[in-house]
Every structure is written in structure tokens, then in C-alpha cells.
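> here's my sequence, what's the structure:
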Amino acid sequence: MNDVPDPRGKGSTEILAAADLRKTYGDRVALKGLTFSLDAGRVLGFLGPNGAGKTTSIRILTTILRPSSGWFSVDGIGSDQPQAIRRRIGVLPEGLGFPRQMTAFGYLTYFAQLYGRPAGEARRIATDLLADVGLQNRADSSVGSFSHGMRQRLGIARALVNDPAVVFLDEPTLGLDPRGQRELLRLVQRIARERGTGVVLCSHLLSEIEGVCDDVVIMNAGVVVAEGTVAEVVGASHPELDHVVRIRVPVASIHRTQELLQAFPGIDGDVRSEDSTGWLDVKLHASNGSGADESRARNDLLESLIRADVPVLGFDTGGGRLEDVFLRLTAEAIR
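Sure thing, here's the model as predicted:
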């Protein structure tokens, strides 16, 4: 039934694949041809504004909904075998509820036994997972005494209790403080790397996606508008963002800075500004290259602003950002 290589072995292996998935509700088309793939051990960011089709897509991929057409596979198991797929996936939905009186150990043991593990093995799985998510010292504490971040960690452990090939995490850092967000994202990345698990991460925080994900799918109005590695989507797939430098100045200095930048000899095109935030987008001439020549051009640009007594609050030389791509692509799709 499963002819694909062992996803826990060496090398890159396709662990999740979707081809031309579509979903209609009467005359309304909610999903229009979702196609992408995910390799074992990689984290995929699933992005889109509200109403983009993300929820419909995830419900199909987790076998809650049937697609109107198209197909998908998990660990080589086709979408015509939903029960088999359910045994190979883990899910952390947004707003997962917990039995407050159960201990963390009892909670995980219970779910391991639901997956058919003998009592002794279920207890071992619970112990190992609590250690994996950093809750080993709270194994015998009631879930009701846990902080929000601890419950999210327990939810991830619950999603791993059946040793899944693919894990779907919906807004796992929602409601966490910055430190909690960072720690949980490191945990997600470690799960993918150490277990060889494919992770699908849904989030509205684009900085999360850019920092932790290997690949990204951006949807809008039921359509995939970008797909690939984060670097491809931000850079190679959108060459208009190459050679872009973002400069932040006080809002009161925007217009003066814009005039200075527009007179700089290495600028290509108009200088775009965000009047409410103080950010300006500057595109250097492509002829400057992407190596030493472009580095010198960026340095000259910064030096010119400093000599002109412009208070530079930020200087981002990374080219395009995922947030920029997301906003442009979703805006274009809406139009």
C-alpha cells in the first residue's frame, strides 16, 4: 500500500502531496486547484488572509472534508483511504480544549491507548513526549494548572502521540508572549528535524513563518498565488524585490529623506514610502550587482543619509521580505 521510501531514512522524501484539490459549496468555489508538496523533516508555512481557503484546505488534508475533485497523499497513502491517513497525521487545532482535572501524563497515556498502544507502551510514549516538549517536571500536574504556553506544548505532544508522518499546527503561538513564541517555534523546528516529520504551520504572524519555515504556500480567494521555499518566494520568484533596501526614519523626516534618496545616483525608479511607519523602499540599480558592488552602493547610501543628518532608525538590506510579498500578492489577487 505504501511504496514510497521510509520518510525517517536519509535523503529528502515527499511526505505530503496535493494535486489540483478543489472544493465547491453549491455555486461558491472555496478552493481552486491547490497543488503543493512537502518533504519529510521540513516545515511548511501555510499563509493567506481570512477567507483565502486555508481552513478548507486543512480540513481536506486532515480528512474532515472531502474534496470536490483532485487528490492528495500522506506518507504514500492516497486520499481514498481517509482512515489510514488519520493514523499517519497529528493535528493541533486553534483553541484546543483540555480536560482540566487530568494530569499531563494521564492525558497523553489516554490518547496513546486510543491509538491501540498497550498500557505499558502508552505510558512510555507519554513519558518520552513530555520530555520532548519540556514538560517532564509537570507530568503529574493537572492540566488546569498549566499556563497557556504549557498547554500549547502539551497540545503538540498530543499531536505527536501516534508518531505521525505529518503534523498540522494551527496558530500554535497565538496568545503567547515573545519568549514563549520563540521557544515554541524552536520546538516545532526541532520536531521536524529530529523526527523527520513534515510540519504544516498555519499562522498570521509572517515573522514566524519567515524565521522557522523552509517552504511556504500563500493563498488568496481559494487560489495558490505563491509556492516554494521561503527564499524562492521572497526573492527568485519575485525579481521586482531584488536589490531592495528598506530604510526607516522618523515620520516627520520622510519627505526630506525621500528627496535625498531620489537624488542618489544608484537609485532605480521612485522611492516608495509608508507615511504612517516611516519606512521607505529603495531599489538599487541592478547593474550594481549582488555582491561587492551592491554592498558598496548600500554603504554609500547609508553614509549619504548620515552626512545629511538624517536620523536613520532602521536599515534593512535583506531585499524583499515575506510580509511585502504576502501583501502585494494578496492585494493583486483581490484586484
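> got any ranges where the stretch 101-250 of the chain has weak pLDDT?
207-208, 235-243 (pLDDT under 70).
> now with 80, please.
Residue ranges of the stretch 101-250 of the chain with pLDDT under 80: 204-211, 231-246.
> and the helices in it?
Here the stretch 101-250 of the chain has its helices, by DSSP state H, counting those that start in this stretch, at 104-114, 119-132, 148-159, 178-195, 206-212, 230-231.
> need the contact partners of the last one.
Looking back up the chat, that one is helix 230-231. Helix 230-231 has contacts (CB atoms under 8 Å, 6 or more residues apart in numbering) with 45, 209-210, 213-216, 322. Just so you know, the C-beta spots here come from the backbone N, C-alpha and C atoms, and that holds for glycine as well.
> can you map out the strands along this protein?
Ranges of strands in the chain, per DSSP state E, are 14-25, 28-39, 43-47, 69-74, 77-78, 89-92, 166-170, 198-202, 215-220, 223-229, 244-248, 272-274, 279-283, 314-316.
> and the ones you listed: which comes nearest residue 145?
Closest approach to residue 145 among the strands of the chain (CB to CB): strand 89-92, 20.3 Å.
> so what strands line up beside that closest one?
strand 166-170 (parallel) (DSSP bridges).
> which parts of the strand it pairs with are buried?
Neighbour counts over strand 166-170 (16 or more other CB atoms under 10 Å) mark 166-170 as buried.
> let me have the residues you listed in a markdown table, adding distance to residue 32 as columns.
Formatted as a markdown table, those follow (distance: CB to CB, whole Å):
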| residue | distance to residue 32 |
| --- | --- |
| 166 | 23 |
| 167 | 26 |
| 168 | 21 |
| 169 | 25 |
| 170 | 22 |
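> of those, closest to residue 117?
The nearest member of these to residue 117, counting by CB to CB, is residue 167 at 18.1 Å.
> partner residues bridging the nearest residue to residue 233 once chain neighbours are set aside?
Spatially, and ignoring its direct neighbours in sequence, residue 233 is nearest to residue 226 (4.8 Å; CB to CB, 6 or more residues apart in numbering). Note on residue 226: beta-bridge partners by DSSP bridges are residue 218.
> can you count the residues close to residue 226?
The tally of other residues near residue 226 (other CB atoms under 10 Å) stands at 21.
> do you know how far it is from residue 156?
According to CB to CB, to the nearest Å, residue 226 stands 27 Å off from residue 156.
> neighbours around residue 197, how many?
Other residues lying near residue 197 total 24 when counted by other CB under 10 Å.
> tell me the contacts of it?
By CB under 8 Å, 6+ apart, the contact list for residue 197 reads 15, 40-41, 160, 164-167, 191.
> the helices of the stretch 101-250 of the chain: which one's closest to residue 89?
Using CB to CB, the nearest of the helices of the stretch 101-250 of the chain to residue 89 is helix 148-159, at 8.6 Å.
> tell me the angle the closest one makes with strand 198-202.
Helix 148-159 and strand 198-202 meet at an angle of 140 degrees, taking axes from the mean of the first three to the mean of the last three CA atoms, to 10 degrees as the criterion.
> and the contacts of stretch 203-215?
Taking CB under 8 Å, 6+ apart as the rule, stretch 203-215 contacts 38, 42-45, 47, 171-173, 181, 185-186, 188-189, 201, 216, 227-230, 234, 321-323, 326.
> pull out the buried positions in stretch 120-135.
122-123, 125-126, 129-130, 132-133, 135.
> could you do stretch 60-76 as well?
Result for stretch 60-76 [16+ other CB under 10 Å]: buried residues 60-63, 65, 67, 70, 72-76.
> from those, which is closest to residue 100?
residue 62 (25.6 Å).
> please verify my assumption that that closest one contacts residue 93.
No - with contacts counted by CB atoms under 8 Å, residue 62 stays clear of residue 93, the gap being 9.0 Å.
> give the contact list for residue 100.
Going by CB under 8 Å, 6+ apart, residue 100 touches 142-144.
> quick check: ChimeraX command selecting the buried ones in those.
In ChimeraX, this line selects whichever of these come out buried by 16+ other CB under 10 Å:
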select :142,143
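> pick the one among the contacts of residue 100 closest to residue 55.
Nearest to residue 55 among those is residue 143, at 26.2 Å by CB to CB.
> once you drop chain neighbours, what's closest to the closest one?
Nearest non-adjacent residue to residue 143, counting by CB to CB, 6+ apart: residue 98, 4.6 Å away.
> relative to residue 16, how far out is residue 184?
Per CB to CB, residue 184 is found 22 Å from residue 16.
> quick check on the two: which one has the bigger neighbour count.
More crowded of residue 184 and residue 16, by other CB under 10 Å: residue 16, with 25 against 22.
> tell me the spacing between the most centrally placed residue in the chain and residue 19.
Against the mean C-alpha coordinate of the chain, by CA atoms, centre = their mean, the closest residue is residue 45 at 2.5 Å. Here residue 45 is placed at a distance of 20 Å from residue 19 (CB to CB).
> circling back: report the two of the contacts of helix 230-231 separated the most.
Spanning the widest gap among the contacts of helix 230-231 are 214 and 322, at 12.7 Å by CB to CB.
> okay, the two: which has more neighbours?
Between residue 214 and residue 322, counted using other CB under 10 Å, residue 322 has the larger neighbour count: 22 against 17.
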